[in-house]
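K.L.:
give the three-dimensional model of this entry:
(chains A, B and C)
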Amino acid sequence: MVLLDQLLANKNLQLIGCCKELNAAYAAEGYARANGCGAVITTNAQTLNGEHWAAKRVEDAYIVSIPDKSSLVEALNDFVIAQKIKAGQITGVGASNEAILRFFNPATKKYVDKTFAEQMEISNLSGNISEVDGKPKLHLHVTLGRRDYTALTGHLLDAKIRGAGEFFVYPIDAKVVKVKNEEVGLDFYDFED
Amino acid sequence: MVLLDQLLANKNLQLIGCCKELNAAYAAEGYARANGCGAVITTNAQTLNGEHWAAKRVEDAYIVSIPDKSSLVEALNDFVIAQKIKAGQITGVGASNEAILRFFNPATKKYVDKTFAEQMEISNLSGNISEVDGKPKLHLHVTLGRRDYTALTGHLLDAKIRGAGEFFVYPIDAKVVKVKNEEVGLDFYDFED
Amino acid sequence: MVLLDQLLANKNLQLIGCCKELNAAYAAEGYARANGCGAVITTNAQTLNGEHWAAKRVEDAYIVSIPDKSSLVEALNDFVIAQKIKAGQITGVGASNEAILRFFNPATKKYVDKTFAEQMEISNLSGNISEVDGKPKLHLHVTLGRRDYTALTGHLLDAKIRGAGEFFVYPIDAKVVKVKNEEVGLDFYDFED
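P.N.:
Numbering: from 1, shown residues only, chains lettered A, B, ... in the order given. Take a look at the predicted model:
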C-alpha cells in the first residue's frame, strides 16, 4: 500500500484499474508492445468494509462476514449494491436469534410470513442475485437448526445474526434479469433480456 | 449476432470455436504470430434453451431456470446431456408441489421411496454430476420447506417445480467416474479410472 | 506419466512446478522470450490419496471422496492439511450413521452436543476453511435426513460416513484469519489480519 502511494505520487505514471488480474496482465502486455514498457501491480486479496458487513475479495469470490446483531438481508443488500454486483450465487452458514420465513402458495398466490425468535444455527443459506426492474435483487432460502436440532426452512425475508455470519458470494459478470410472471405471481429468470 | 452473421458470410475468414475465452485469446495470438493477423470475438454470456429448461452460460458457470410445472430431475438430466456436461457441482433453490425422496439403508441395502404431494419451498438442492457406465449421472439431495416451515430432506428422485426453479451448475472439465460398489450397494467415486 | 518420467530423466531439462496452468503458461512464455525456448506440460486432473480420503483436483476445485465407515471431519481435516489449504469453501452430500451436532447459545455461552446414531442422508454439508491460531480450521454445518424424511441440522462436530461421502472443496488463495471474540465466545473473521 505504501508502494501504491509512491506510484500514485509519480506524475509520469498512469494508473489503470482492471477488475481482474488477468485483464490487467493483458492490458499491460498490450501497452508494453505498443509503447515499449508496461507494468502490473496486484494485491492478492482486497479487504472491504460496509454497513454491517466486512468482506475479503480474492480473485472472483467474496468472503462476507456479517457481525453479531446485524440484519443478514439488509447487510447482504448493502454489500451487493456497494460492490455493484448484479448477478451471482450466495451460500453460507452462521447463527441467528430471529428469522422471518415466507411461505408462498402459487395455487392461492398468498404469502404467509412467520417470525421465529429463538437462538438457531444457520445451517445453510442458498440463493442468488439478479436484476429486477433495474435493481439488484437477492433471492435467499435458508435452513435453520433449533435448540432440539430439528429444522425450520424456507424462503428468507430477513434474519438477525446472533453469533457469526459467514457467507460466500460468487459474482457473475453478465446481465441476469428476472421479470414478474403475473400468472404465477413470482419473478422468473428471463435470459432473453 | 449481426456482426457474427457478416463474419460467417466472409469466405476469407475462418471461424474456430473455443470453449473458453482464454483459450480463444491464446489461439488467436498464436495464429497471429504465425500468420501475421488473428482476431477474437466473444459474447459475454450465452443463452441456451432445451426440453423444460433455459440456461445462461457465463464463463464456466451455468444459471439454469426450470419453469413452473416441469420435472426438476428430468430437466436437469436433459440439460447436462444437451450441454455434454460429464462432471460438476449443482446447487440451487426453488419451489415444488410434488417430490419423491428415497431413503437408503446400507445395513439392509433397502430403498424406501416416498412421495410428498404438497406445496414446498426447495430450500436447498445440493449434488453432483459424474459418469456411471459411460453416461452422465446426477446425484441430488434436497431440503424442502413445508407450509408449517418444518423440513423434509434426503436423496431426491424427482420433484415437480411449482413456482420457480433456479439452479447453478459448475461443470468440471475432467473424467469423473463412479463405479457400483456391490458390498454397499451404491455408486462410489473411482478417481483412478 | 510415462512422458513425465522420461522428461525427469533428461538432465538438460529443468522442471518448474506451478500451482495453476495459467501461471505455468505465462512462466514458460517468459522463459521462451528470454531464452529462446520453453514448454508447458499439464495433466488435466490430478488424483490424490490420503488418510481416509481420495480426491481429484481439476483446475481450482477438489472433488473429495470419503469412504464408507470413515470419520467425515477427521478425513476433511487430514485433506486440508495434506493439501496445504488454508482458506476456502466446502459443500457436499453423503450419508452417515452417526453424527454429533453442537448447539451454541451466545446468550449463555454454553454448548450442548448431541449424538444421533441412526442411518441418515447428508442432505447438505456447508462450511468454510480459515486460519485460527496459525492452523487450518474447518467450520461445518450439516443438514441430515432421517428415515422418516424429517431433518436434523446444525453445527457439525463429526459424523461417520455410512454409504457415500461426496464433497467439493474450493480453495481460496489468500490468508483468511478468524480470531476468538471473547465477548461472544466464537471465532470471527478478521480480514485486517
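K.L.:
skipping adjacent residues, who's closest to the spatially most central residue of chain A in space?
P.N.:
The centroid of chain A falls nearest to A:Val169 when counting by Cα atoms, centre = their mean (4.4 Å). Closest residue to A:Val169 apart from its sequence neighbours, by Cβ to Cβ, 6 or more residues apart in numbering or on different chains: A:Tyr62 at 4.3 Å. (Each C-beta comes from the backbone N, C-alpha and C, glycine too.)
K.L.:
A:Lys109 too?
P.N.:
Per Cβ to Cβ, 6+ apart, closest to A:Lys109 is A:Gly185, 4.3 Å.
K.L.:
my guess is the one you found meets A:Asn105, correct?
P.N.:
No. Taking Cβ atoms under 8 Å as the definition, A:Gly185 is not a contact partner of A:Asn105, at 9.5 Å.
K.L.:
coming back round to it: quick one: contacts for the residue nearest to A:Lys109?
P.N.:
The contact partners of A:Gly185, taken as Cβ atoms under 8 Å, 6 or more residues apart in numbering or on different chains, are A:Phe104, A:Pro106, A:Lys109.
K.L.:
next one: A:Asp113
P.N.:
Shown in contact with A:Asp113 (Cβ under 8 Å, 6+ apart): A:Ile100, A:Leu101, A:Arg102, A:Phe103, A:Leu157.
K.L.:
so what are the sheet partners of the helix or strand hosting it and their directions?
P.N.:
Taking DSSP states H and E as the criterion, A:Asp113 maps to strand A:110-116. If you go by DSSP bridges, strand A:110-116 pairs up with strand A:88-105 (antiparallel).
K.L.:
tell me the mean pLDDT over the partner strand?
P.N.:
Summarised as a single mean, pLDDT over strand A:88-105 is 98.
K.L.:
mind saving the C-alpha coords of that strand as PDB?
P.N.:
Output of strand A:88-105 as PDB, limited to C-alpha atoms (Å, rounded to 0.1, in the frame of the first residue of the first chain):
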ATOM      1  CA  GLY A  88     -24.300 -14.200  -8.800                       C
ATOM      2  CA  GLN A  89     -24.600 -17.000  -6.300                       C
ATOM      3  CA  ILE A  90     -24.700 -16.900  -2.500                       C
ATOM      4  CA  THR A  91     -24.000 -19.600   0.100                       C
ATOM      5  CA  GLY A  92     -23.100 -19.600   3.700                       C
ATOM      6  CA  VAL A  93     -23.500 -20.500   7.400                       C
ATOM      7  CA  GLY A  94     -24.000 -18.700  10.700                       C
ATOM      8  CA  ALA A  95     -26.400 -18.300  13.600                       C
ATOM      9  CA  SER A  96     -29.500 -16.200  14.200                       C
ATOM     10  CA  ASN A  97     -31.800 -15.400  17.100                       C
ATOM     11  CA  GLU A  98     -34.700 -14.100  14.900                       C
ATOM     12  CA  ALA A  99     -35.700 -15.100  11.400                       C
ATOM     13  CA  ILE A 100     -38.700 -14.300   9.200                       C
ATOM     14  CA  LEU A 101     -39.700 -17.100   6.800                       C
ATOM     15  CA  ARG A 102     -42.200 -16.600   4.000                       C
ATOM     16  CA  PHE A 103     -44.300 -19.400   2.500                       C
ATOM     17  CA  PHE A 104     -45.800 -18.800  -0.900                       C
ATOM     18  CA  ASN A 105     -48.600 -20.900  -2.300                       C
END
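K.L.:
which residues of chain A fall in strands?
P.N.:
A:46-50, A:53-58, A:61-65, A:88-105, A:110-116, A:120-132, A:135-145, A:151-171, A:178-181, A:186-189 (DSSP state E).
K.L.:
wait, which of those is closest to C:Gly38?
P.N.:
strand A:53-58 (28.6 Å; Cβ to Cβ).
K.L.:
ok, and what's touching the closest one?
P.N.:
A:44-49, A:62-67, A:70, A:75-76, A:78-79, A:83, A:169, C:87, C:172-174, C:176, C:189, C:191.
K.L.:
could you tell me which residues of chain A lie near chain C?
P.N.:
Neighbours of chain C within chain A, by Cβ under 8 Å from any Cβ of the partner chain: A:22, A:25, A:44-45, A:47, A:54-56, A:58-59, A:61, A:63, A:65, A:67-68, A:91-93, A:95, A:97, A:119, A:121-124, A:143-145, A:147, A:149-151, A:153, A:162-164, A:166, A:168.
K.L.:
now the buried members of those residues.
P.N.:
For the residues of chain A next to chain C, a neighbour count by 16 or more other Cβ atoms under 10 Å in any protein chain shown gives the buried set as A:25, A:45, A:54-56, A:58, A:61, A:63, A:65, A:67-68, A:91-93, A:95, A:97, A:119, A:121-124, A:143-145, A:149-151, A:153, A:162-164, A:166, A:168.
K.L.:
list the contacts for A:Gly92?
P.N.:
Contacts for A:Gly92 (Cβ under 8 Å, 6+ apart) come out as A:Val64, A:Ile122, A:Asn124, A:Leu125, A:Gly165, A:Glu166, A:Phe167, A:Phe168, C:Ser126.
K.L.:
how about the second one, what does it touch?
P.N.:
If a contact means Cβ under 8 Å, 6+ apart, then A:Ile122 has A:72, A:92-96, A:142-145, A:159, A:165, C:141 as its contacts.
K.L.:
got a pLDDT number for it?
P.N.:
Turning to A:Ile122, the model gives it a pLDDT of 98.
K.L.:
please tell me how far it sits from A:Arg102.
P.N.:
Counting by Cβ to Cβ, to the nearest Å, the gap from A:Ile122 to A:Arg102 is 16 Å.
K.L.:
now A:His139
P.N.:
11 Å.
K.L.:
top helix in chain A by residue count?
P.N.:
helix A:21-35 (DSSP state H).
K.L.:
give me the distance from that helix to the chain's centre.
P.N.:
29 Å (Cα atoms, centre = their mean, to the nearest Å).
K.L.:
again with stretch A:104-117
P.N.:
The answer for stretch A:104-117 is 25 Å, by Cα atoms, centre = their mean.
K.L.:
which of the residues in that stretch are buried?
P.N.:
Buried residues in stretch A:104-117 (16+ other Cβ under 10 Å): A:Phe104, A:Asn105, A:Pro106, A:Phe116.
K.L.:
between these, which sits nearest B:Gln6?
P.N.:
Among the buried residues of stretch A:104-117, and counting by Cβ to Cβ, the member closest to B:Gln6 is A:Pro106, at 44.8 Å.
K.L.:
how near is that closest one to B:Val177?
P.N.:
To B:Val177, A:Pro106 is 40 Å away according to Cβ to Cβ.
K.L.:
same question, A:Val132
P.N.:
41 Å.
K.L.:
ok, those two, which is more surrounded?
P.N.:
B:Val177 (20 against 14; other Cβ atoms under 10 Å in any protein chain shown).
K.L.:
tell me which residues touch the closest residue to the more buried one other than its chain neighbours, please.
P.N.:
Nearest residue to B:Val177 in three dimensions, chain neighbours excluded: B:Asp193, at 4.0 Å (Cβ to Cβ, 6+ apart). By Cβ under 8 Å, 6+ apart, the residues touching B:Asp193 are B:Lys175, B:Val177, B:Val179.
K.L.:
mind putting those residues into TSV with pLDDT?
P.N.:
Below are those laid out as TSV (pLDDT from 0 to 100):
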residue	pLDDT
B:Lys175	95
B:Val177	97
B:Val179	97
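K.L.:
from those, pick the one nearest C:Tyr31.
P.N.:
Nearest to C:Tyr31 out of the contacts of B:Asp193 is B:Lys175 (Cβ to Cβ; 30.7 Å).
K.L.:
state the phi and psi torsions of the closest one.
P.N.:
For B:Lys175, the backbone dihedrals (degrees, to the nearest 10) come out as phi -80, psi 120.
K.L.:
now for it: which residues touch it?
P.N.:
Residues in contact with B:Lys175 (Cβ under 8 Å, 6+ apart) are B:Lys86, B:Ala87, B:Glu131, B:Asp193, C:Ala45.
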